[in-house]
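A.B. asks: structural data only, the sequence is not supplied:
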């Protein structure tokens, strides 16, 4: 089984390299968005599209339905929906296929919204430039401890739904401290896509990432 | 790959049958609790243990940490923590191993808290009598559509964190209607482990399940 897993990941990495070359050649910043189901990935994308920070296209991963791609298209950006069936994560071949059906946003951002899952998406390189992990304040501040792989590989951790902080037990500092213990270089920010609070820092992070600035120049907690 | 998947599931089903026989022989009601990360499985178990409806033991599944088992023990029930490492679900062999390290609650309930994940746990029979799927109101009422396998196989869908309903956009009726469309026989209830609202119906459902009553006699939405 371990041998097989290695073979699958090696094959995936080969396709991921191809994706990464293509995205670089077309001047596209590819971001892999990962979180639990319902942490607010699509809602954040809808608000991001409304802010028009750059040309945007979206690849949507879900086990079933094209609901998310429809929301993205309604918000005004092209989207391609991948249904993974029984699979719990996107892989590089799915992204390669989806990218071939999308008009890539030259000089812009390709958001790849992974299947809602804090485990397996961590193992699959999609060819992205950066990985962004969202955690909502309703999920509990212990998530980095319980799902370390996904936090270990993140460039940015975004705490979402901070408008709900008064109603839940969630210590944002403790959550981010746990993420930093796993991944000292990780950047962090907090926002509410509903109220708009913190969206400016997200947009600033995107602007920095598009310019390929060193991570430390862009954002803080 | 399809052949291999079948082999894995066939091997799993064999162990699950063994587990099921053992639980039946010892008069233990085994319940497989599944949800997204942070939907409130452990919190519900803590409140359930406090209500003392029956002897209880708990098998906890997490990618890492023994935080949940510690919470269960603090609440007063024996618990065994399984760390799945890179795996995103429990399997029957993990449960068999864990059950051999726990004093099973004769005539009581063995809760098996799966890894927080709405995809892969659906494919693995653990030997449970019933499957319970939790969805929190912060996750979005589209979850049954997007993750159909797990709702299809559930005996009971529990909507959690209803104390947060005033602060989020979530239509409980729409969510439950979507679950019933996939699974017409599914039972449903709504609760808040924080305020205690709805816990009486959950305890009534558990009492019915312990008596092996036909599902329709126990609960409604």
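C.D. replies: Received the coordinates, thanks. Quantities reported herein were computed from a predicted structural model and do not represent experimental measurements.
A.B. asks: does stretch A:27-38 reach chain B?
C.D. replies: Yes: shown here: stretch A:27-38 in contact with chain B (C-beta under 8 Å from any C-beta of the partner chain) through A:36-38. C-betas here are computed from N, CA, C, even on glycine.
A.B. asks: again, but for stretch A:183-197
C.D. replies: No: Stretch A:183-197 stays clear of chain B (C-beta under 8 Å from any C-beta), getting no nearer than 8.6 Å.
A.B. asks: sorry, back to before: which of the residues of stretch A:27-38 next to chain B has the most neighbours?
C.D. replies: Counting neighbours by other C-beta atoms under 10 Å in any protein chain shown, residue A:38 comes out on top of those with 30 neighbours.
A.B. asks: confidence score at that residue?
C.D. replies: Residue A:38 carries a pLDDT score of 96 in this model.
A.B. asks: next: the one 10 residues further on.
C.D. replies: For residue A:48, the pLDDT comes out at 98.
A.B. asks: which helix or strand contains the residue positioned nearest the centre of chain A?
C.D. replies: Closest to where the C-alpha atoms of chain A average out (C-alpha atoms, centre = their mean) is residue A:33, at 1.0 Å. Per DSSP states H and E, residue A:33 falls inside strand A:29-34.
A.B. asks: which other helices and strands contact that strand?
C.D. replies: Secondary-structure packing of strand A:29-34 (3 or more C-beta pairs under 8 Å, 6 or more residues apart in numbering or on different chains; DSSP states H and E): helix A:2-25, helix A:41-51, strand A:109-113, strand A:130-136, helix A:199-210.
A.B. asks: now these in CSV, with mean neighbour count?
C.D. replies: As requested, the helices and strands packed on strand A:29-34 are exported to CSV (neighbours: other C-beta atoms under 10 Å in any protein chain shown):
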stretch, mean neighbour count
helix A:2-25, 14
helix A:41-51, 21
strand A:109-113, 26
strand A:130-136, 26
helix A:199-210, 18
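A.B. asks: out of those, which gets nearest to residue A:176?
C.D. replies: strand A:130-136 (9.3 Å; C-beta to C-beta).
A.B. asks: also compute the angle for the closest one relative to helix A:199-210, please.
C.D. replies: Here strand A:130-136 points in a direction 160 degrees away from that of helix A:199-210 (axes from the mean of the first three to the mean of the last three C-alpha atoms, to 10 degrees).
A.B. asks: let me see the mean pLDDT of strand A:130-136.
C.D. replies: Averaging pLDDT residue by residue across strand A:130-136 gives 98.
A.B. asks: does that strand reach chain B?
C.D. replies: Yes: residues of strand A:130-136 are located near chain B by C-beta under 8 Å from any C-beta, namely residue A:136.
A.B. asks: now do that strand against strand A:29-34, angle only.
C.D. replies: Using the same axes, to 10 degrees, strand A:130-136 lies at 30 degrees relative to strand A:29-34.
A.B. asks: give the next helix or strand downstream of strand A:130-136.
C.D. replies: helix A:143-146.
A.B. asks: what helix or strand is residue A:60 on?
C.D. replies: Going by DSSP H and E, residue A:60 is in strand A:56-62.
A.B. asks: which strands and helices sit next to that strand?
C.D. replies: helix A:41-51, helix A:67-75, strand A:79-83, helix A:92-100, strand A:109-113.
A.B. asks: partner strands of it and their direction?
C.D. replies: strand A:79-83 (parallel), strand A:109-113 (parallel) (DSSP bridges).
A.B. asks: chain center to it, what's the gap?
C.D. replies: 10 Å (C-alpha atoms, centre = their mean, to the nearest Å).
A.B. asks: try stretch A:46-60
C.D. replies: On C-alpha atoms, centre = their mean, the centre of stretch A:46-60 falls 13 Å from that of its chain.
A.B. asks: picking up where we left off before, next, the angle from the strand holding residue A:33 to helix A:92-100.
C.D. replies: Using the same axes, to 10 degrees: strand A:29-34 against helix A:92-100 is 130 degrees.
A.B. asks: quick one: strand A:29-34 to chain centroid distance?
C.D. replies: So, by C-alpha atoms, centre = their mean, the centroid of strand A:29-34 is 4 Å from its chain's centroid.
A.B. asks: mean confidence for that strand?
C.D. replies: 98.
A.B. asks: give the pairing partners of it; include direction for each.
C.D. replies: Partners of strand A:29-34 in its sheet, by DSSP bridges: strand A:109-113 (parallel), strand A:130-136 (parallel).
A.B. asks: to residue B:161, which of the helices and strands packed on strand A:56-62 lies closest?
C.D. replies: So among the helices and strands packed on strand A:56-62, helix A:41-51 is nearest, using C-beta to C-beta, at 17.7 Å.
A.B. asks: so what does the closest one touch, helix or strand wise?
C.D. replies: strand A:29-34, strand A:56-62, helix A:67-75, strand A:109-113, helix A:199-210.
A.B. asks: how much space between residue A:70 and residue A:55?
C.D. replies: 20 Å (C-beta to C-beta, to the nearest Å).
A.B. asks: any idea of the angle the worst-scoring helix or strand of chain A on mean pLDDT forms with strand A:29-34?
C.D. replies: The helix or strand of chain A with the lowest confidence, counting by mean pLDDT, DSSP states H and E, is helix A:2-25 at a mean of 91. On the basis of the same axes, to 10 degrees, helix A:2-25 is oriented at 140 degrees to strand A:29-34.
A.B. asks: helix A:2-25 close to chain B?
C.D. replies: Yes: part of helix A:2-25 sits near chain B under the criterion C-beta under 8 Å from any C-beta, namely residue A:4.
A.B. asks: centre of the chain to that helix, how far?
C.D. replies: Per C-alpha atoms, centre = their mean, the centroid offset for helix A:2-25 relative to its chain is 18 Å.
A.B. asks: so which elements touch it?
C.D. replies: By 3+ C-beta pairs under 8 Å, 6+ apart, helix A:2-25 packs against strand A:29-34, helix A:92-100.
A.B. asks: hmm, the longest one in reach of chain B?
C.D. replies: No: Helix A:92-100 stays out of contact with chain B when judged by C-beta under 8 Å from any C-beta, the minimum separation being 12.6 Å.
A.B. asks: in chain A, where is pLDDT below threshold?
C.D. replies: A:1-2, A:213-221 (pLDDT under 70).
A.B. asks: let's go with 80 and repeat that
C.D. replies: Along chain A, the model assigns pLDDT under 80 to residues A:1-5, A:213-221.
A.B. asks: any chance of the helices and strands packed on helix A:41-51 in JSON lines, with distance to residue B:4 too?
C.D. replies: Formatted as JSON lines, the helices and strands packed on helix A:41-51 follow (distance: least, C-beta to C-beta, whole Å):
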{"stretch": "strand A:29-34", "distance to residue B:4": "26"}
{"stretch": "strand A:56-62", "distance to residue B:4": "23"}
{"stretch": "helix A:67-75", "distance to residue B:4": "30"}
{"stretch": "strand A:109-113", "distance to residue B:4": "27"}
{"stretch": "helix A:199-210", "distance to residue B:4": "38"}
